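Everything below, folded, please.
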Amino acid sequence: ELANILGVHRNTLWLYMKHHGVERKYSELTNADLDVLVSEFKKKRPDSGIRYIIGFLRRHGIRVQ
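Predicted structure coming up:
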């Protein structure tokens with residue numbers, strides 16, 4: 001989507017990011033740590049679904065698969 005917005009091919013964007021050291025990596029987080037974070041979130045917002053949990057994690061700089 002970002003490549004489309006910039007008007008370049010996705011491979012061009014990928015090469016540019018690689019050249020400048022920009023990586024999209026998943027966070028190194030153990031399952032136990034992730035469970036703690038999700039549990040804390042669910043205590044505060046028990047009716048929230050997966051999209052809200054992923055948003056919560058991303059706001060805190062955590063990327064998961």
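
what comes into contact with the helix or strand bottoming out on mean pLDDT in the chain?
None of the helices or strands of the chain scores lower by mean pLDDT, DSSP states H and E than helix 2-6, at a mean of 88. Residues outside helix 2-6 that contact it (C-beta atoms under 8 Å, 6 or more residues apart in numbering): His9, Arg10, Thr12, Leu13. Using the backbone N, CA and C atoms, a C-beta is placed for each residue, glycine as well.

nearest spatial neighbour of the third one, skipping sequence neighbours?
Counting by C-beta to C-beta, 6 or more residues apart in numbering, Thr12 lies nearest to Ala3, which is 7.2 Å off, once chain neighbours are set aside.

And for the first one?
Spatially, and ignoring its direct neighbours in sequence, His9 is nearest to Ala3 (6.3 Å; C-beta to C-beta, 6+ apart).

So what's the residue count around the one you found?
14 (other C-beta atoms under 10 Å).
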